[in-house]
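[1] Predicted model, plus sequence, below.
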Amino acid sequence: MTKHSAFARALRAGAAAVALAVFAAAPAMAQKVVNVWHTEPNPRTKAVIDGIIADFEKENPGVKVVQEALAWGDLDKKMQAALASGAFPEIAHGQAYNERSLSAKGLLRPMNDVIASIGEQDIFPVVRKLNYNEKEKTYYGLAHAVGVDLTIYRKDMMREAGLDPEKAPATWREWIDQLKKLTDKSKGRYGLSLAGPGFFINEDIYMWVGSNGGRLFDEKGRPTFTEKPVIETLEFWKELADCCLAPDWLSRGYLDTFGDVATGKAAMIVGWGRGTDYFEQYAPDAVAKGDIGVFKTKPVGPSAGGKPFLTQFDSEAWMIFKNSKHPEEGAAFLKFFHRADNYLKYIQSVPVHFFPVTQSLRTDPRYLATPAFQKWKFWVDAQHEVIEKYEPKPVMITEWKDLDFPFIAELANSTILVDMVTEVTRGQRTPVEAARRAQQRAEQLITQLGYRKW
Amino acid sequence: MNPILRIFLERAAVYLGAALLAFVCGFPLFWMALTSVKPDREIITATPSFWTGAAHLDAYRRLFDQTKFETYFVNSVLVAGGSTLLTIAVAVLAAYGITRFRFRGRESIATVMLFTYMFAPIMIVIPFYIMMRKLGLANSHLGLMLSYTSFSLPFSMWLLRSFFQSIPIELEQAAMIDGASRPQAVVRVVVPMALPGVIAVSIFTFIVAWNDYLFARVLIGKDDLKTLPLGIQDLYESSVTDWGMIMAAGVVITIPALLFFAMVQRHLIAGWGAGGVKG
Amino acid sequence: MATTNRSSPLGPLDLPRPEPRERRVPEHLWGYVLVAPAVLLVLGLILYPVGYSFWLSLHSKHAYMPIETFIGFENFVWIWEDEDFWRSIRLGMVYAFGSLSLQIVVGVGAALLLNQSFVGRGFVRALALFPYMMPTIVVVILMRWIFNDSYGVAKFLIEGSGLMARAPVFFDPDHVMLTMILASTWTFFPFVVIGVLARLQTIDLELYAAAKVDGAGVLRQFWHVTLPQIRGVLFVIVLLRFMFMFTKFDLIWLFAGAGGLGYFVRTLPIYTFVKSFGELQVGFGAALSVIMFTMLSAFAVVYFRLFRRDEHA
């Protein structure tokens, strides 16, 4: 056996392996494959979706649905790789600003037929407002469920500090006073725990600016970061960081904040019900005694001028990519997915705070009988009340018109706003300086993206 | 200094150093394993406990029932093993070629290849994915293996080259005069001499493949093909941070690798051909 | 070498008889053939992505759109004027040099230690390699768990043993860079150990015996015998570790992300990621990686000039 022929053999083996790999992929190509990317990676939901897929495939032979559950950060990377190479998934989850960005570039398939099959009027008005593109009179997305951001707190800790656990603070001043009473640094206890990753800082800043009568963009899309309500928000944040936040709050992940409330390290957090499982697992006593509560309102800032608070409407939208291989089959799957029976199963598997987008299912006795819902009914009801009375909006959107700007997604992911907050809370820049710098960076970004209109 | 005292101090220093090293490297493993068998209540407490009376394997049961962990494990082994074998085969050939044959550019090939490390993986990954798609290798283990091999080859070649250089050519020639064919001479004489280098290369490649997150995330879409880092990341990002289960996953990933290296590290000793190889 | 008799017009010639195998194929061709697979794999799989990045750096392109607009060197002008870019260079250097130095010092020290014979050496060797074999994500999760300021065991140990009254908050902005460097060192020092230890094993013990006879103590032995011997391996290891640390993405990303805490460890790879995958300006991102490449090449050239010496002996 010569070295030369050994090598030639290896080469042949390698070629054979490649051929085999391509061959193995071939049978899959005969069927129509629908790729679904979503962001609920908990095993329960994956199993439920597998079940729905199995039923769908029975009704639609020749179509194969493949789900992929991803965390948010990973979805960005995969999305980019997919779009760069033209390998679009049929269906994917996206934030409202993602959906707008993509539809503005003509990459999404209209979903009016899917909405119609569910029943347009059955869908909550605020959801319709979220996903309906006014200019084109078309739906390009559909929220997968409804949830809003609330203040979550420990009633026992409030009682201990001599505060009335049923009284929600009405203004930022009141809130800070409450938090100061709840903070005892010597014991490592803090009034508030905030999440540090950029996504959550974005959330907090737009909610607080909106609760302070402010906005982030003007009519032409120019950022308004140097306006008074934004500066006041930054000052408020600095005060919070100095008095009532843990020194390493920037390193705390979203679920860590739930852990803080569960272990009594913090008395309050802002968030959704994704952490109810966390409370059940790590603070069963507090849950049993009913010491976990949510406020139905949030405090407003000094410049609110009588306007109500702004809170976040959390619902990623299902989107269908026009240039994927089988968008029609994708649409068919979404219609199937939203049949009451199937959708109910999905809602029962995702974190309990998510409730159905359709009013009919929301009041459906089967949904109401879900054990998790029974346990946390007060939480879901609180969210529902917020939706009815106040107008929550998706992340980064302080005014509905902002949804039409095509650069929100890029700005959100750019760390510009996040850095602004970081610099202020760390005392590296004054609020005015930090805001000015953020304004300059944001304007430059929008210009570089080619969307400058002022 | 009293020679006995000096020896005692030297020995003490060695053992102290070894103990420190063992603690720093081993304590996290111990802590991970301990957390994986503690009951939930003992996990998130203000005062951690270093032992538990109520150890249970519930977290492991949850891990294997609720997730596709076994599949991910097998996938990681396949991909890492395949990449390692491929790298060794190709690197041995190349290093041998460079050191035993004269041809233009042989001096600089290994050095030039090292320059590929100057390109940050984060920027290579997207065009790499596009290329794999064109070859039909996206979403396949083979595509992943090729990427790991191409990443570890430059270093492997460099390392093996210096090992082969230090093995005198007289040894193979002696074997060939004794009637062995060239490949036989290489396998029977040269490779055993270079075994520490081959082992080092295999460790490096295996780890590159075993640990990689970025390429696997971008190239692999199907759940059944995922490797362990993806599996664990999904676990961590799920609704609830089940610390017990995550630590259990960490233990399952690490213990087999630990055993493998415990076996292999003995071969880093150049006991082979004692006296035949000069530094 | 054996000779053979060949006749020529000028009379009998004594020509060296070539080795049986080599008579068929010229020597240099063998060399090319053997090196071919390696070269093809590396060039083939890296060349296209690298070339694409260079080309893309001269364009403005949005990640989701298949259109690129040629803008010449404007990306580079923007980068030059970008305060955040310079900051990321500074942070990247701190991280790279900090972790590199520690990895080398700890790695060489551990290799020397593990080269001694002592009871339980095999066990300790296995343990010493352990950090390297964990996936980064597991390391990050484990570190976050151990160094957590609320219920992390590190704080408990540090304060309980009386080492410090109040343990540092490892993940606050003041300490996060140091924590990352320490975590990097813990994870990657085994790479240095493996390389150096393998080399230490092949050092002729005669050299040490000779040094001892000359009266050299432990430190002198290290300086005059060990160090010159491992110099070659260290040369490569330092180069590689620096390149890996300068371009390290996943460890920092998984620990600190881009925003908030990430602000304090936003090295060049992280900054590149934010520009490409966050702001979706892939042309800009490609330009940044071209710059990263150029910086590393310059470093390598200087490094080789200074330290290469008898590398190719």
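    Nice, I can see it.
[2] now B:Trp51: how far from B:Ser36?
    Using CB to CB, to the nearest Å, we find B:Trp51 at a distance of 14 Å from B:Ser36. Quick note: C-beta positions are derived from backbone N, CA and C, even for glycine.
[3] likewise A:Ala267?
    If you measure A:Ala267 against B:Ser36 using CB to CB, the figure is 31 Å.
[4] Return the distance of stretch A:126-141 from the chain's centre.
    18 Å (CA atoms, centre = their mean, to the nearest Å).
[5] Burial check on the residue in the stretch 151-300 of chain A that chain B sits nearest to, number of neighbours?
    With CB to the nearest CB, the shortest gap between the stretch 151-300 of chain A and chain B falls at A:Asp277, namely 4.2 Å. Counted with other CB atoms under 10 Å in any protein chain shown, residues neighbouring A:Asp277 total 21.
[6] Quick check: it is in a helix.
    Yes. Counting by DSSP: H, G, I helix; E, B strand; the rest coil, A:Asp277 is part of a helix.
[7] and the residue of the stretch 1-150 of chain C found nearest chain B, which of the three is it?
    Residue nearest to chain B within the stretch 1-150 of chain C (CB to the nearest CB): C:Leu34, separated by 2.7 Å. Under the three-state scheme (three-state DSSP), C:Leu34 adopts helix.
[8] Confirm for me that it is in contact with B:Val90.
    No. Judged on CB atoms under 8 Å, C:Leu34 makes no contact with B:Val90 at a distance of 9.6 Å.
[9] Name the next helix or strand downstream of the longest helix along chain C, please.
    Under DSSP state H, the helix in chain C containing the largest number of residues is helix C:83-115. Using DSSP states H and E, the helix or strand that follows helix C:83-115 in sequence is helix C:121-129.
[10] What helices and strands are in contact with the helix or strand following that following helix?
    Sequence order places helix C:136-146 as the next helix or strand after helix C:121-129, per DSSP H and E. Packing contacts for helix C:136-146, counted by 3 or more CB pairs under 8 Å, 6 or more residues apart in numbering or on different chains; DSSP states H and E, involve helix B:3-37, helix B:228-237, helix B:243-264, helix C:176-201, helix C:250-256.
[11] Quick check: residues of the stretch 351-454 of chain A near chain C?
    Proximity of the stretch 351-454 of chain A to chain C (CB under 8 Å from any CB of the partner chain) is limited to residues A:409-411, A:413-415, A:418-419, A:422-423, A:426, A:441, A:445, A:448-450.
[12] Tell me where the stretch 201-350 of chain A has strands.
    A:266-271, A:292-295, A:317-320 (DSSP state E, counting those that start in this stretch).
[13] And B:Leu219, how far from C:Pro66?
    Going from B:Leu219 to C:Pro66 by CB to CB gives 21 Å.
[14] who's more crowded, those two?
    Ranked by neighbour count (other CB under 10 Å), B:Leu219 and C:Pro66 place B:Leu219 first, with 25 against 10.
[15] And the pLDDT for that one?
    pLDDT for B:Leu219: 84.
[16] and A:Glu59, how many neighbours?
    A:Glu59 has 9 nearby residues by other CB under 10 Å.
[17] who's in contact with the nearest residue to it once chain neighbours are set aside?
    Residue nearest to A:Glu59 in three dimensions, not counting chain neighbours: A:Phe336, with 7.2 Å by CB to CB, 6 or more residues apart in numbering or on different chains. Contacts for A:Phe336 were tallied using CB atoms under 8 Å, 6 or more residues apart in numbering or on different chains; they are A:Ile52, A:Asp55, A:Phe56, A:Glu59, A:Asn342.
[18] Please tell me how far the fourth one sits from A:Ser349.
    The one in question is A:Glu59. Distance from A:Glu59 to A:Ser349, by CB to CB: 21 Å.
[19] for chain B, what spans make up the helices?
    B:3-37, B:40-43, B:58-66, B:69-100, B:106-114, B:121-135, B:141-165, B:169-177, B:182-185, B:191-193, B:195-211, B:214-219, B:228-237, B:243-264.
[20] What is the fourth one packed up against?
    Of the remaining helices and strands, those touching helix B:69-100 by 3+ CB pairs under 8 Å, 6+ apart are helix B:106-114, helix B:141-165, helix B:195-211, helix B:228-237, helix B:243-264, helix C:27-56.
[21] One more: the last one?
    Counting contacts by 3+ CB pairs under 8 Å, 6+ apart, helix B:243-264 packs against helix B:3-37, helix B:40-43, helix B:58-66, helix B:69-100, helix B:195-211, helix B:228-237, helix C:121-129, helix C:136-146.
[22] swap the cut-off to 6 Å and go again
    Applying 3 or more CB pairs under 6 Å, 6 or more residues apart in numbering or on different chains; DSSP states H and E, we find helix B:243-264 packed against helix B:3-37, helix B:58-66, helix B:228-237, helix C:121-129.
[23] Most tightly packed of these?
    Sort those by mean neighbour count, taking mean count of other CB atoms under 10 Å in any protein chain shown, and helix B:228-237 sits at the top with a mean of 24.
[24] And for that one, what's in contact with it?
    Residues outside helix B:228-237 that contact it (CB atoms under 6 Å, 6 or more residues apart in numbering or on different chains): A:41, A:71, B:72, B:76, B:213, B:216-217, B:246, B:249, B:253, C:135, C:137, C:141.
[25] pLDDT (mean, whole number) over it?
    Helix B:228-237 comes out at a mean pLDDT of 78.
[26] repeat for stretch C:110-127
    Mean pLDDT, computed over stretch C:110-127, is 87.
[27] tally of neighbours for C:Gly92?
    24.
[28] Go ahead and confirm it touches C:Ile270.
    No. Judged on CB atoms under 6 Å, C:Gly92 makes no contact with C:Ile270 at a distance of 8.6 Å.
[29] tell me the contacts of A:Ala145?
    A:Ala145 is in contact with A:Ser315, A:Phe354, counting by CB under 6 Å, 6+ apart.
[30] And the helices in the stretch 151-300 of chain C?
    Here the stretch 151-300 of chain C has its helices, by DSSP state H, counting those that start in this stretch, at C:153-160, C:176-201, C:205-213, C:218-221, C:227-246, C:250-256, C:268-273, C:282-307.
[31] where does the third one sit relative to the chain's centre, distance-wise?
    Distance, stretch centre to chain centre, for helix C:205-213: 33 Å (CA atoms, centre = their mean).
[32] buried stuff in it?
    C:Leu207, C:Ala211 (16 or more other CB atoms under 10 Å in any protein chain shown).
[33] Now do it against helix C:227-246: the angle between them, please.
    On the basis of axes from the mean of the first three to the mean of the last three CA atoms, to 10 degrees, helix C:205-213 is oriented at 110 degrees to helix C:227-246.
[34] Apart from its neighbours in sequence, what residue is nearest B:Leu57?
    Nearest non-adjacent residue to B:Leu57, counting by CB to CB, 6+ apart: B:Val37, 6.6 Å away.
[35] Equivalent analysis for A:Ser101, please.
    Leaving aside its sequence neighbours, A:Ser101 sits nearest to A:Ala409 (CB to CB, 6+ apart; 4.3 Å).
[36] circling back: let me have the strands of the stretch 201-350 of chain A in CSV, extended by mean neighbour count and mean pLDDT.
    As requested, the strands of the stretch 201-350 of chain A are exported to CSV (neighbours: other CB atoms under 10 Å in any protein chain shown; pLDDT from 0 to 100):
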stretch, mean neighbour count, mean pLDDT
strand A:266-271, 26, 92
strand A:292-295, 21, 90
strand A:317-320, 25, 92
